[in-house]
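>>> Let's see this in three dimensions:
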Amino acid sequence: MENSNTLSGLQTAKFETTVDGKKTQLFVLTNENGCEMTVTNYGAKIASLMVPDKNGKLIDVVTGHDSIEDYLTSEEPYFGAICGRYGNRIAKGTFTIDGNTYNNLAINNGPNSLHGGIKGFNAVVWTPKNNTSDSIELEYMSADGEEGFPGNLTTIVTYTLTNSNEVVIDYKATTDKPTVLNLTNHSYFNLSGEGNDTINDHILEINASTYLPTDNTAIPYGAPEKLEGTPMDFKAPELVGKRINENFEQLIFGKGYDHTYIIDKPLNEYGFCAKLTSPISGIVMETYTTEPGVQLYTGNWMTGNLRGKHDHRYPMRSALCLETQHYPDSPNKPEYPSTELRPGEVYTSKTVYKFTTK
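As a prediction, this is how the structure comes out:
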C-alpha cells in the first residue's frame, strides 16, 4: 500500500480499504496555484480543500475525517458528501408518481425521510472514472427499489479544481423508470480553517428575497415568504451569528438556520447564489449554481464529540453548509419546481464554489 501525505495532512493510505466489497481511495486534485482538493469515492466526499488566505497561506476550509474508518463511524455522515437520491426531506417518507405510491422510504429524521435514507449516496462506494490532475469523475448505479426509490438510476458526479480556484461540481443522471432526484453536496465550510470553533463571525450574503418557512419537522408549509424584515434575511451582507439566537419561530424550530432560500434568478439558469467571508483569513467563497434553491445550514446539531481531522473537534456552529438544490418535499408539492426524472431524460446540474481573498 503506497502512502503519501497531502497538503492538508491527510494520508492516502488511510483511505484505502474495502467497503461493501468495493475499493475505496483518496484522490488528490491540484491546480497551478498550489491549491489542493481531496475526494474519496466513499460517499463521493470532499475530504479536504486547501485554498490561500489573505497572506497566501494555504488553509483547509472543510470539515472531515482522517480515515475511511472514521467516516464509517461518524455521528455526522454527511461531511463533504453527495446526498441522494433525494437531498433534504420528503414528508413522511412517501410520494406518488403517475398514480404509483412509494411509501417505503426510510423515516430517518423525525417523521420524515432525509438525504436519501439510511444508506443514501453519502454512504455508498462510487466507481472512479477519468481521474486527471485536476478532476475526478465518480459514478454510482442505484438499483430499482434501493432505499424505496423507483428506477435503476445512474449518476455521474464530476469534481474539478480550476486554475481560477473554483471547485466545480457537475451532475448528470439517467433512469429507466419515472423517479425523483435531488442531488447536492453537503460540505461543511469554515473559511477561518477547519477546527476553528465558530462561523458566527463569518459575513454571509444570499441572493434571495424569499425562503421556505417550515413546520417543526423541517417540512415547508408551502408558499415562499418574504425575507425582508426578518432575521432570516441575508440579501445584504450580515454576520451569520448576529440574529441566530433571536426569538423567531423559524430559528427556534431549526436551532438556528436550516432553511431553503429561493435564489433570485430564472429557473434552471446558472447564476449567483451566495457569498461567504471570513474576517480572520480574508477568504471569500462565492457560490454559483443552476439549482433554484440553497439550503443554509449552520451546524446547529454539531456536538463537538466526534474526532475530526487532526483530532479537531467540531462544536455547534463551527461550520456551515450552502447546499444548492431543489426544494424539500417537492415530490409532494406540485407547485414547486419538479424533481421528477423520466426515462429518456438527462438530469444535469452545476454548482461552483469560487475562492478569492479580500
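
>>> how about stretch 219-237: buried residues?
219-220, 224-225, 227, 231-234 (16 or more other CB atoms under 10 Å). For the C-beta atoms, the positions are set from N, CA and C on the backbone; glycine is no exception.

>>> For these, give me CSV that also has secondary structure, pLDDT and distance to residue 250.
As requested, the buried residues of stretch 219-237 are exported to CSV (DSSP: H, G, I helix; E, B strand; the rest coil; pLDDT from 0 to 100; distance: CB to CB, whole Å):
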residue, secondary structure, pLDDT, distance to residue 250
219, coil, 97, 13
220, strand, 97, 11
224, coil, 98, 13
225, strand, 98, 9
227, coil, 98, 11
231, coil, 98, 8
232, coil, 98, 6
233, coil, 98, 11
234, coil, 98, 13
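
>>> okay if I get the residues you listed as TSV plus distance to residue 68?
Formatted as TSV, those follow (distance: CB to CB, whole Å):
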residue	distance to residue 68
219	33
220	35
224	40
225	42
227	40
231	40
232	37
233	40
234	36
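
>>> Show me which of those is closest to residue 116.
residue 219 (16.3 Å; CB to CB).

>>> surely the closest one meets residue 331?
No. Under the criterion of CB atoms under 8 Å, residue 219 is not in contact with residue 331, lying 11.8 Å apart.

>>> Just give me the neighbour total for residue 348.
Counted with other CB atoms under 10 Å, residues neighbouring residue 348 total 12.

>>> go on, the one 3 residues further on?
Residue crowding around residue 351 was assessed by other CB under 10 Å; the count is 24.

>>> for residue 164, same thing?
By other CB under 10 Å, 12 other residues sit near residue 164.

>>> wait, what's in contact with it?
Contact partners of residue 164, counting by CB atoms under 8 Å, 6 or more residues apart in numbering, are residue 354.

>>> one more time with 10 Å, if that's ok
For residue 164, the contacting residues are 31, 33, 352, 354-356, by CB atoms under 10 Å, 6 or more residues apart in numbering.

>>> same check, this time on residue 277
Residue 277 makes contact with 191, 201-205, 237, 283-286, 356-358, according to CB under 10 Å, 6+ apart.

>>> For residue 46, which non-adjacent residue is closest in space?
residue 80 (3.9 Å; CB to CB, 6 or more residues apart in numbering).

>>> how close does that neighbour get to residue 6?
Noted for residue 80: a distance of 14 Å to residue 6, by CB to CB, to the nearest Å.

>>> can you check residue 148 too?
Residue 148 is 37 Å from residue 6, by CB to CB.

>>> try residue 96
Residue 96 sits 46 Å away from residue 6, going by CB to CB.

>>> more neighbours, these two?
Neighbours per residue, other CB under 10 Å: of residue 96 and residue 6, the larger number sits with residue 6, 18 against 11.

>>> Now do the shared contacts for residue 219 and residue 331.
In contact with both residue 219 and residue 331: 90-91, using CB under 10 Å, 6+ apart.

>>> Now for residue 84: which residues touch it?
Contacts of residue 84 (CB under 10 Å, 6+ apart): 44, 115-117, 120-122, 124, 140, 142, 147, 149, 153, 155, 157, 171, 173, 181-184.

>>> ok, 7 Å please
Listed by CB atoms under 7 Å, 6 or more residues apart in numbering, the contact partners of residue 84 are 116, 120-121, 155, 181, 183.

>>> Also residue 33?
By CB under 7 Å, 6+ apart, the contact set of residue 33 is 163, 165.

>>> Now it. Its backbone dihedrals?
phi -90, psi 0 (degrees, to the nearest 10).

>>> Just the pLDDT for it.
On pLDDT, residue 33 comes in at 97.

>>> How about residue 1?
The confidence metric pLDDT takes the value 48 at residue 1.

>>> any idea how far residue 115 lies from residue 159?
For residue 115, the distance to residue 159 - CB to CB - is 19 Å.

>>> For residue 201, which non-adjacent residue is closest in space?
Nearest non-adjacent residue to residue 201, counting by CB to CB, 6+ apart: residue 279, 5.7 Å away.

>>> is it true that that neighbour lies in a strand?
No. Using DSSP: H, G, I helix; E, B strand; the rest coil, the assignment for residue 279 is coil, not a strand.

>>> Number the chain from 15, please
Sounds good: first residue 15 from here, last item residue 293.

>>> From residue 253, how far out is it?
From residue 293 to residue 253 the distance is 9 Å (CB to CB).

>>> shared neighbours of the two, anything?
Shared contacts of residue 293 and residue 253 (CB under 7 Å, 6+ apart): 215, 217.

>>> tell me which of the contacts of residue 98 is nearest to residue 308?
For the contacts of residue 98, the closest approach to residue 308 (CB to CB) belongs to residue 197, at 13.5 Å.

>>> Pretty sure that closest one sits against residue 100.
No. Contact criterion CB atoms under 7 Å: residue 197 and residue 100 do not qualify, at 8.6 Å.

>>> More neighbours: which of these two?
Of the pair residue 197 and residue 100, residue 100 is the one with more neighbours under other CB under 10 Å, namely 31 against 27.

>>> So for the more buried one, what's the pLDDT?
Per-residue pLDDT puts residue 100 at 98.
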